[in-house]
Structure formats: structure tokens, C-alpha cells
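> no sequence on this one, just coordinates:
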Ligand code: KG4
Ligand code: ZN
């Protein structure tokens with residue numbers, strides 16, 4: 001029987017059963033990750049090989065190096081994920097992979113690996129949007145989290161306010177007009193002399209600073225739920241240059257705390273406004289920046305004020321991982337949304353709005 005025919009029958013059986021164990025692969029940026037996830041909700045294993053130490057030498061992700069390290073790591077990471085789940089490849093029901101957005105060379109490693117595994121084991125191949133994966137991290141962490149809800153997505157490459165209407169059904173409410181929140185944190189951290197990736201370090205440093213020390217501009221935006229971070233970044237850079245030129249010490253903790261407060265205030269105010277306007281039943285957050293301590297505290301306060309639950313993924317599920325890809329893939333698989341063996345990486349893939 002041809003691969004396509006085998007897979008079609010297999011998906012029909014899975015849809016009838018309403019259950020699936022999915023091997024997921026994520027290689028969109030600088031983490032090589034694989035996981036086995038059951039029914040979109042239970043993590044049977046999750047393995048992450050981080051390249052962060054290598055890229056830190058260069059102050060940011062070097063795409064060519066990322067691709068090469070993914071190639072070196074991916075087979076072992078997949079093998080480890082299967083082993084930790086106590087399964088062989090034949091025991092899983094489908095293979096999922098991040099199709100985009102991300103670095104094209106990095107994505108291609110995961111896509112090629114997933115295609116080979118799916119073809120070899122005659123398993124369905126499920127393409128997943130990385131941003132959708134971040135949102136679905138909430139399904140793994142919180143059994144009660146189910147659509148509809150409003151989700152703030154804040155990662156190194158994306159900042160959006162999204163209404164999750166159903167599993168896999170999204171409405172985009174707002175976006176950043178310039179930098180993503182994580183990108184803004186990383187750039188500000190670099191100016192303050194912190195190594196890459198600066199976001200988590202800026203978060204820690206802020207704990208020792210005065211968040212009201214540096215006045216920062218509030219952007220005026222037409223879009224009700226949009227953000228802009230480039231003005232904040234410019235104000236921070238100008239302040240640091242002024243102090244350096246005047247031969248003064250840089251109060252790094254105060255500047256970090258002020259910058260963090262300004263970024264978080266924008267993210268939180270827009271997410272809460274959207275939740276209120278839409279009468280959301282719950283508020284969730286997703287993406288690497290959702291690890292930020294101030295953001296988590298403010299979102300919880302705001303959601304409590306609105307009287308709705310606030311879903312925060314644990315830190316291990318905020319940053320890139322493959323378990324979130326395995327979760328998103330479950331509902332796509334149940335709807336029969338599969339890829340053929342001609343699947344390609346799409347570096348600028350947007351959410352299916
Ligand atoms: O989602 P992610 O792991 O990768 C992308 O898909 O982009 O997000 C990484 C981003 C980086 O910019 C990193 O600095 C930021 O998330 N980040 C944080 C914190 N932890 C990670 N930013 C602020 N505070 C944190 N605690
Ligand atoms: Zn990510």
C-alpha cells in the first residue's frame with residue numbers, strides 16, 4: 001500500500017478513537033527539541049538540547065551554526081524522547097514538526113527529520129505553527145484551559161494579542177508595530193552589558209532596581225490592542241549614551257527595572273483591554289517572555305480584577321520546547337490537517353487567522 005493510503009486509513013482510525021500519541025520535533029531557532037505527547041494534554045517525555053552557550057559567544061543566534069548543531073543533535077534528541085516515553089517509533093501514532101516561523105535552515109533540519117521518520121514508519125505527518133505551539137503549552141499545563149480565551153503571545157520574534165476561539169481557530173486582535181517584546185528585552189539587556197539571551201538576566205537585575213527611576217515614553221498607537229517597543233529602546237540607548245559621555249556610572253538595575261516595567265505595562269494593559277472588550281472567559285500567556293516575573297504577577301492581578309482565570313505556563317513550557325508542538329498537533333491531526341512528503345519549511349509562516 002502507498003504511504004498516502006496507509007496514512008489516510010491510520011488517521012481515520014485515530015479520529016474514531018479520539019486519541020493519539022504524537023512524537024513532535026522542534027528546531028525553529030536555537031533549541032533542538034523532541035517530545036512525546038498524548039492527546040494534546042499529557043507530556044510522556046520532553047527533551048531539549050540547547051545551543052545557547054554557543055550562540056552566547058556571538059551575542060545572538062548565528063543561523064548557520066544553529067542549523068549545523070540541529071543536524072548533529074536531532075537524531076539523539078529524538079531517540080532520547082522515545083526512550084524516556086518508553087516507546088519505539090512504531091508505538092507512536094503520528095509525527096509532528098514545527099513548519100515555521102523561524103530560521104529556514106534550522107526549520108529544515110526538523111522538517112527533513114520528521115518526514116524521514118513519518119515515511120519510514122508509515123505515520124501521519126502533522127505540520128505545526130510555532131506560535132500556535134506556544135499557545136498550546138497552556139493545554140499541557142492547565143487541564144481546565146480550553147477555548148475560548150484571550151492569549152497574550154510574547155516571544156523573541158512575536159508579540160500578539162490573540163483570541164483563541166476554538167482549538168486551532170484564532171483571531172488576531174493586536175500586534176507589535178516594530179520589535180517583538182523578547183527582542184526588545186534582549187536589545188536593552190545588550191546595551192546594559194548583559195550577555196545573550198538578555199531577557200532572563202534583565203528580569204533578575206530588575207529585582208534590585210527602582211522601576212520609576214527612568215521616565216520612558218508611552219507610545220501612541222492607533223490599533224487598540226497594538227504594541228510598540230522601539231521608542232522605549234531608543235530612550236534607553238540615549239540615556240545610557242548620555243551617562244557614558246558625562247563619565248557617570250550606569251545605574252543598570254534602575255534602568256533595567258524601568259524598561260521592564262514599561263514593556264510589561266504595555267503588554268498587560270493591551271491583553272487586559274482585549275479580555276475585557278471580548279468578555280473573555282479566561283486569559284492566558286505564551287512564549288518566552290511569559291517567563292518574565294513582573295509580567296506574570298501583573299497578568300495574575302489583572303485577571304483577578306476581571307474575575308477570570310489566568311493561565312501561566314510553567315517556566316519550562318514558556319521557552320521553546322517540542323511538547324507544545326505535540327499538543328498543537330493533536331487537534332490538527334483530529335481534523336485531518338496533515339502534510340504530504342513535499343512539506344517545506346516556511347520561515348515567515350503566520351498563525352492561521
Ligand atoms: O519563545 P522563545 O523561547 O523563542 C522564540 O520563539 O522567540 O522566546 C525567547 C525570548 C528571548 O527574547 C528571551 O530573552 C525572552 O524570550 N525571555 C524573557 C525571559 N525569559 C525569556 N524575557 C523577559 N524576561 C524573562 N524572564
Ligand atoms: Zn518560541
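Cool, got the structure. Note that the coordinates shown come from a computational prediction; the quantities given were computed from them, not determined experimentally. Numbering: from 1, shown residues only. Ligands and ions are numbered 1, 2, ... in the order given.
> For the rest of this, base every contact and every neighbour count on C-alpha atoms.
Will do.
> Give the helix, strand or coil label for residue 46.
Going by DSSP: H, G, I helix; E, B strand; the rest coil, the secondary structure assigned to residue 46 is strand.
> Name the next helix or strand following the helix or strand bottoming out on mean pLDDT in the chain along the chain.
Evaluated with mean pLDDT, DSSP states H and E, the helix-and-strand set of the chain has its lowest mean pLDDT in helix 52-56, which scores a mean of 90. Sequence-wise, the next helix or strand beyond helix 52-56 is helix 63-85, with elements assigned using DSSP states H and E.
> is ligand 1 contacted by that next one?
No: taking CA under 6 Å from any ligand atom as the criterion, helix 63-85 and ligand 1 are apart, separated by no less than 13.5 Å.
> residues in contact with that helix?
Under the criterion CA atoms under 8 Å, 6 or more residues apart in numbering, residues 23, 25, 27, 29-36, 44-49, 51, 88-89, 103, 105-106, 109-110, 113 lie in contact with helix 63-85.
> Can you list the buried residues in the least confident helix or strand of the chain?
The neighbour-count check on helix 52-56 (16 or more other CA atoms under 10 Å) flags 52, 54-55 as buried.
> Give me the contact status of it with ligand 1.
No: contact between helix 52-56 and ligand 1 is absent, the nearest approach being 10.8 Å (criterion: CA under 6 Å from any ligand atom).
> how far does that helix sit from the chain's center?
For helix 52-56, the distance from its own C-alpha centre to the chain's C-alpha centre is 19 Å (CA atoms, centre = their mean, to the nearest Å).
> Same check on stretch 14-21?
For stretch 14-21, the gap between its own C-alpha mean and the chain's C-alpha mean amounts to 26 Å (CA atoms, centre = their mean).
> so of the contacts of helix 63-85, which ones are in helices?
Among these, the members falling in helices are 105-106, 109-110, 113 (criterion: DSSP state H).
> which one of these sits closest to ligand 1?
In terms of CA to the nearest ligand atom, no member of the ones in helices among the contacts of helix 63-85 lies closer to ligand 1 than residue 106, at 12.6 Å.
> who are the neighbours in contact with the closest one?
Each residue near residue 106 by CA under 8 Å, 6+ apart is listed here: 27-30, 63, 66-67, 70.
> Now that we have the residues you listed, which of them are buried?
The buried subset of these - by 16+ other CA under 10 Å - is 27-30, 63, 66-67, 70.
> Dump those to a markdown table, plus pLDDT.
Rendered in a markdown table, the data for the buried ones among the contacts of residue 106 read as follows (pLDDT from 0 to 100):
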| residue | pLDDT |
| --- | --- |
| 27 | 98 |
| 28 | 97 |
| 29 | 94 |
| 30 | 92 |
| 63 | 94 |
| 66 | 94 |
| 67 | 96 |
| 70 | 97 |
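> how about the residues of the stretch 251-353 of the chain near ligand 1?
Of all the residues in the stretch 251-353 of the chain, those lying near ligand 1 are 287-289, 291-292, 319-320, going by CA under 6 Å from any ligand atom.
> Do you know the pLDDT at the spatially closest residue to residue 88 that is not a sequence neighbour?
Sequence neighbours aside, residue 82 is the residue nearest to residue 88 in space, at 6.1 Å (criterion: CA to CA, 6 or more residues apart in numbering). Reading off the confidence values, residue 82 has pLDDT 98.
> any idea how far residue 82 lies from ligand 1?
Relative to ligand 1, residue 82 is positioned 23 Å away (CA to the nearest ligand atom, to the nearest Å).
> Any idea how many residues pack against that residue?
Residue 82 is flanked by 23 other residues according to other CA atoms under 10 Å.
> ok, it to residue 3 distance?
23 Å (CA to CA, to the nearest Å).
> do the same with residue 318
For residue 318, the distance to residue 3 equals 35 Å [CA to CA].
> Which one of these two is surrounded by more residues?
Just comparing residue 318 and residue 3: by other CA under 10 Å the higher neighbour count belongs to residue 318, 24 against 16.
> Apart from its chain neighbours, what residue comes closest to residue 286?
Distances taken as CA to CA, 6+ apart put residue 153 closest to residue 286, at 4.8 Å, once the chain neighbours are dropped.
> So is the helix or strand containing that neighbour next to ligand 1?
According to DSSP H and E, residue 153 maps onto strand 149-154. No: on the criterion CA under 6 Å from any ligand atom, strand 149-154 is out of touch with ligand 1, staying 7.2 Å away.
> How far does that strand sit from its chain's centre?
Between the centre of strand 149-154 and the centre of its host chain there is 11 Å, according to CA atoms, centre = their mean.
> Identify the residues contacting it?
For strand 149-154, the surrounding residues in contact (CA under 8 Å, 6+ apart) are 131, 134-135, 159-165, 180-182, 267, 271, 274-275, 280-290.
> Make a PyMOL selection of the buried ones in those residues.
Per 16+ other CA under 10 Å, the buried members of the contacts of strand 149-154 correspond to this PyMOL selection:
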select buried, resi 131+134+135+159+160+161+162+163+164+180+181+182+267+271+274+275+280+281+282+283+284+285+286+287+288+289+290
